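Chemist: Task: produce atomic coordinates for the following.
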Amino acid sequence: MEIPAKSPDGSEKSPQSKELITSNTASTLCMSSRSESVWTSASRSKWDIYHKPVIVVSVGAAIFLFGMVITSLSCFLTKNRNVYKMCGPAFLSLGLMLLVCGLVWIPIIRKKQKQRQKSQFLQSLKSFFFNR
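Modeler: Modelled structure (predicted):
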């Protein structure tokens, strides 16, 4: 067993534990949290909310169209036909997967936005009635 070293002032707390006790941890956690929109009620634009699913849908559609072109090339070109037959369906499936993921993501974000609005409304009602 290891015995914790005593600090120079005679107490058994290590310098690290003193530092942790004296730091202002709660305010630091609130400031550095990932979801700052929970703590601040700043309204965000539609692009800020939906830019990720829109990008995923756009990239998925582009890859899907590229897969369609490559697959159709296997019908018209005889040279490298096997390569087109292998790559075309791969791009088709990848593009379709991204397209569907982006299209499913949009209603999920809408539902979260509605829940957040209800939560903010209930918080304002609660503060109105209980702070009188």
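Chemist: Mind checking the pLDDT average for whichever helix in the chain runs longest?
Modeler: For the chain, the longest helix by residue count, based on DSSP state H, is helix 81-130. Helix 81-130 carries an average pLDDT of 89.
Chemist: which strands and helices sit next to it?
Modeler: Using 3 or more CB pairs under 8 Å, 6 or more residues apart in numbering; DSSP states H and E as the contact test, the elements touching helix 81-130 are helix 46-76. Yep, even glycine has a C-beta here, placed from its N, CA and C like the rest.
Chemist: how about the helix it packs on: buried residues?
Modeler: 49-50, 53, 56-57, 60, 63-64, 66-67, 70-71, 73-74 (16 or more other CB atoms under 10 Å).
Chemist: Just give me the closest of those residues to residue 112.
Modeler: Residue 112 has its nearest neighbour among the buried residues of helix 46-76 in residue 49, at 9.3 Å by CB to CB.
Chemist: contacting residues around the closest one?
Modeler: If you count contacts by CB atoms under 8 Å, 6 or more residues apart in numbering, residue 49 has them with 109, 113.
Chemist: List the buried residues for stretch 85-105?
Modeler: Buried-residue list, stretch 85-105, by 16+ other CB under 10 Å: 87-88, 91-92, 94-95, 98-99, 102, 105.
Chemist: Out of those, which comes closest to residue 130?
Modeler: Distance to residue 130 across the buried residues of stretch 85-105 (CB to CB) is lowest for residue 105, with 36.9 Å.
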